Each structure stands twice: as C-alpha cells, then as structure tokens.
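A.B. asks: Predicted coordinates and the sequence they were generated for:
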Amino acid sequence: MTDAHTANPSATARAAALRTRLEALSDTSASGPKATGPAQLVRAPGRVNLIGEHTDYNEGLVLPAAIDREIWIAFQPWKRPEVELTSIEMNETKSFAFEGLAPGARADRSWIDYVAGTAWAMREAGLPLRGFRGVMNSTVPVGSGLSSSAALEMASSWALAVPGAPRPDAGAMAAIAQRAENRYVGVNCGIMDQFASAAGRAGHALLIDCRINQFKATPMPADLSMVVCNTGSPHRLDATAYNTRRSECELGVKLIAEREPGVTALRDVDEAMLERNRDRLPEIVARRCEHIVQEDGRVMATVAALRDGDREALGRLFAASHASLRDLYEVSSPELDAMVEIAVAVPGVVASRMTGAGFGGCTVNLVEQGAEEALRDAVLAQYQKRTGLEPHVYIVTAVDGAGEVNQGA
Ligand code: GLA
C-alpha cells in the first residue's frame, strides 16, 4: 500500500489498515486532547483529464474523470482547533492550528500546506471548521500530474467540515480549494483538478464549463478502458512555465479586447476573431491563443465521439490536442511524445495524448477492452530503451467524487 505504483488495495483492507494506524496513535497519546467521536473515514480521488488542456483558466471547457487513485484519511475529531495528520507514505506527522492561518504565514512548504490552506480558505468562505487527529494514505502517485494535491485538498475539506453545517455544492467547494492552492500554497492553477475530485461520477467523465462552474456527467463507453502511462519524468509544474502560459493568454485577451468589445477571456474568442487580430499579437501569444481557441471545440467533439462510440474521431481529436500542446502551447516533452508514439502503434489503442499541465507527467489512453495489457507490454518493452526512464502503467476507472467512506468498508 505504500507504493502508489502498485495496484489499488481493496477498500476493506485500506479502511482496516488506516483504522489500525489511527488507533495506535490514539493509544500512544492518551494524555492528548479528548476525541469527540468515533473514528471516521473520508476519501478523495485524483483525476485524469481526457481533453481540454489549459482551457480551465481561460474560462473554457474541460473533460476530466475522477479516478480510482485516491487519498483516504481516517480521523478522530477532537475539541482542539488544530489538525494533526500522519502521512503513511511520507512517514511524517505534521500539525497546524486554525488560529493565525494566513497565506503569508505559510508555515511548512510541505504537503500539510494543502490541508492548512483548505482550512484557511474554508474559514474565509465562512464555513465552520473542526479539528482532528488523522492518518492518511494515498495511491495517487505524487508529481505525476494526476492531482494528488487536489485530492488532498478535497479529502481535507470533508474531514474539516463540521457535520450538519451547510456544505457548498461540489463546484463551490472546488473553488474554495482552488483558492487554497492559489493564495495559500501559491500555485496559480485553474479549477479543473479540484472540481473533478469533488464532483466525479462513477463510470463518467465530467464536461465542466469553467466559465460558470457547472458540469454535466458524460458516460464513458463501457467497451473502452482508460489507461494512464506515467513517463516517470516528474511533471515540472514548474510554476514559472505554467504562470508564463497564463500571462501569455491574458496578454492575448487584453490585445484582442482593444478591438473587440466584450472579450474578457479567450472563451469569447473564435478562430475568425483570432485571425482578424493576429497581426496585433506577438507571434508566441498568437500561438498560445490558437491552441486555446481550438481546444474548446475539440472538447465538444470528444463528448459527441464518446456518445457515438466513434473511435476514429477520438483518435483524431486526441492526436490533434497532443500536437497542439506540443507545437503551439509548447508544454509537451520528449518523454510524453515518445509515450504517445509507442501507444498509438499498439493495436486496440484508440486515442492517446499527454494529460494535465505537461512538462512531464502522464499520458491518457482510451483502449479497447482487452488491449490494456498489450499497451502495458509495449510501454514496458520500448519506453525505457528510448528515454532511459522507468515507466508505470495504470489501468484506471472513473469513480465518484470526494466524500465520506461508507463505514461498512
Ligand atoms: C494543472 C492545473 C489545472 C489545469 C491543467 C492544464 O493540472 O492544476 O488547473 O490548468 O494543469 O489543463
């Protein structure tokens, strides 16, 4: 269970292991603050994005699915306005107090900041908080672009929430967690990852409109599997490169809006409008805008292709998205390109592209049921030879969003 690359443990085994660890902690701290209730269990999934990359912060469309790579927290509420959390994977215990939480006071520069940031953002949103002592484990590989941070934020939001207090809907809760990451942790991400982790639906992808924070669940075809291939090169969500892309898009909006009244985001710009304003934009900004303006159309076309089971269209749309991210948005990497090249040559692989922020991380693949192992074999046989890096292959399924774990587990 400590290796996020191995298969998922069963829910029952996972719940039992966490409870045992939590009980052991409680035993050794009998003098500690009194628990106020029985041990509880919450979970939140990571996500993979099928298509719609870098569109979220341009108020566009995205199509992620919450996946069965999850963070679970077993915890005991207590009366103290404090959190103490042990990460099994990190083999570390960290804590923070609610009092004095503020972005500038970010204490730790570690994983606990995602929990503390969520507490801060919840309080800012007027939500009451409860303190707890907890133990967490994770099967979301860290630094792979599968949103372990968003999963930690969403799992924390459930543990921190006072039972019975009104809970914002998934979109609003995602916006609170995004604020934690933007303001408290200092990563200027969009809303997609938190939204997918909050609102996921088993067997479905989510078509999220990031302009209005609303979503529609889109069924995944039962005869296609999702396979995630990890390049083993950490996604360098090198805040700098990500933020540079964001400001290039913002500059595009500013320059286009000077001539086109009513444009407030790239969501408002179509291809014709981009073409008639191209001469006003620095060349690099025009290319960034071109990716965004076309990617929204690919999201809608992918939703239709999933509905119609149109394999040829899925393959073409994923390939076009990958090429655009490589050539226009420039966030792919030689490792991601190699992984896609290996995948698309495997019979039964319908569609393949990089997923997430880029600069490393994972590819997402839609694969005919039964061809998953052929893809795994091809990746294991060829990828390391080409890149010198060890790949990992995860066959994933779409799951429900964050929440309490049924205590029968
Ligand atoms: C990261 C960010 C998301 C989104 C993607 C790119 O995952 O956290 O908000 O911008 O990159 O699509």
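C.D. replies: Now that the structure is in, tell me what you want to look at.
A.B. asks: Please make it C-alpha for all contacts and neighbour counts, starting now.
C.D. replies: OK.
A.B. asks: how about the helices in the stretch 151-300 of the chain?
C.D. replies: Applying DSSP state H, counting those that start in this stretch to the stretch 151-300 of the chain gives helices spanning 170-179, 192-199, 239-257, 271-277, 283-308.
A.B. asks: Those residues of the stretch 151-300 of the chain touching the ligand, which are they?
C.D. replies: Within the stretch 151-300 of the chain, the positions near the ligand by CA under 6 Å from any ligand atom are Cys189, Gly190, Ile191, Met192, Asp193.
A.B. asks: Need the residues that contact stretch 302-318.
C.D. replies: Identification of contacts with stretch 302-318 by CA atoms under 8 Å, 6 or more residues apart in numbering yields Ile51, Leu207, Thr218, Pro219, Met220, Pro221, Arg298, Ala301, Val350, Ala351, Ser352, Arg353.
A.B. asks: Please report how far the residue nearest to the second one when sequence neighbours are not counted lies from the ligand.
C.D. replies: By that I understand Leu207. Spatial nearest neighbour of Leu207, chain neighbours left out: Leu63 (4.7 Å); criterion: CA to CA, 6 or more residues apart in numbering. Using CA to the nearest ligand atom, to the nearest Å, we find Leu63 at a distance of 10 Å from the ligand.
A.B. asks: What's the first helix or strand after the strand ranked longest in the chain?
C.D. replies: For the chain, the strand that runs over the most residues, judged by DSSP state E, is strand 64-78. Scanning forward in sequence from strand 64-78 by DSSP states H and E, the next helix or strand is strand 82-87.
A.B. asks: Now do the longest strand of the chain: which elements does it pack against?
C.D. replies: Applying 3 or more CA pairs under 8 Å, 6 or more residues apart in numbering; DSSP states H and E, we find strand 64-78 packed against helix 11-28, strand 40-49, strand 131-138, helix 148-160, helix 192-199, strand 204-209, strand 392-396.
A.B. asks: can you redo these as TSV with distance to Pro282, mean neighbour count and mean pLDDT?
C.D. replies: As requested, the helices and strands packed on strand 64-78 are arranged in TSV below (distance: least, CA to CA, whole Å; neighbours: other CA atoms under 10 Å; pLDDT from 0 to 100):
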stretch	distance to Pro282	mean neighbour count	mean pLDDT
helix 11-28	52	15	84
strand 40-49	29	29	98
strand 131-138	43	25	97
helix 148-160	34	28	98
helix 192-199	28	32	98
strand 204-209	28	25	98
strand 392-396	39	18	98
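A.B. asks: a markdown table for those, including distance to Tyr184?
C.D. replies: Shown next, in a markdown table, are the helices and strands packed on strand 64-78 (distance: least, CA to CA, whole Å):
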| stretch | distance to Tyr184 |
| --- | --- |
| helix 11-28 | 28 |
| strand 40-49 | 20 |
| strand 131-138 | 19 |
| helix 148-160 | 12 |
| helix 192-199 | 15 |
| strand 204-209 | 24 |
| strand 392-396 | 31 |
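A.B. asks: ok, now which ones touch the closest residue to Arg130 other than its chain neighbours?
C.D. replies: Leaving aside its chain neighbours, Arg130 sits nearest to Leu160 (5.1 Å; criterion: CA to CA, 6+ apart). Contacts for Leu160 (CA under 8 Å, 6+ apart) come out as Ala119, Leu129, Arg130, Gly131, Phe132.
A.B. asks: Out of these, which is nearest to Met154?
C.D. replies: Ala119 (10.8 Å; CA to CA).
A.B. asks: number of nearby residues for the closest one?
C.D. replies: Ala119 has 32 neighbours, counted by other CA atoms under 10 Å.
A.B. asks: swap in Gly262?
C.D. replies: There are 10 residues near Gly262, going by other CA under 10 Å.
A.B. asks: In contact with it, which residues?
C.D. replies: With CA under 8 Å, 6+ apart, Gly262 has these contacts: Asp268.
A.B. asks: For it, grab phi and psi.
C.D. replies: Per-residue torsions, Gly262: phi 90, psi -10 (degrees, to the nearest 10).
A.B. asks: pLDDT score for it?
C.D. replies: Model confidence at Gly262, given as pLDDT, is 95.
A.B. asks: Could you do the one 5 residues further on as well?
C.D. replies: At Arg267, the predicted lDDT confidence score is 98.
A.B. asks: For the stretch 101-250 of the chain, give me the ranges with low pLDDT.
C.D. replies: The stretch 101-250 of the chain contains residues with pLDDT under 70 at 105-107, 235-238.
A.B. asks: in it, what residue is nearest the ligand?
C.D. replies: Gly190 (3.2 Å; CA to the nearest ligand atom).
A.B. asks: gap between the closest residue to that residue other than its chain neighbours and Phe98?
C.D. replies: Nearest residue to Gly190, sequence neighbours excluded (CA to CA, 6+ apart): Tyr57, at 4.8 Å. Separation of Tyr57 from Phe98 (CA to CA, to the nearest Å) stands at 30 Å.
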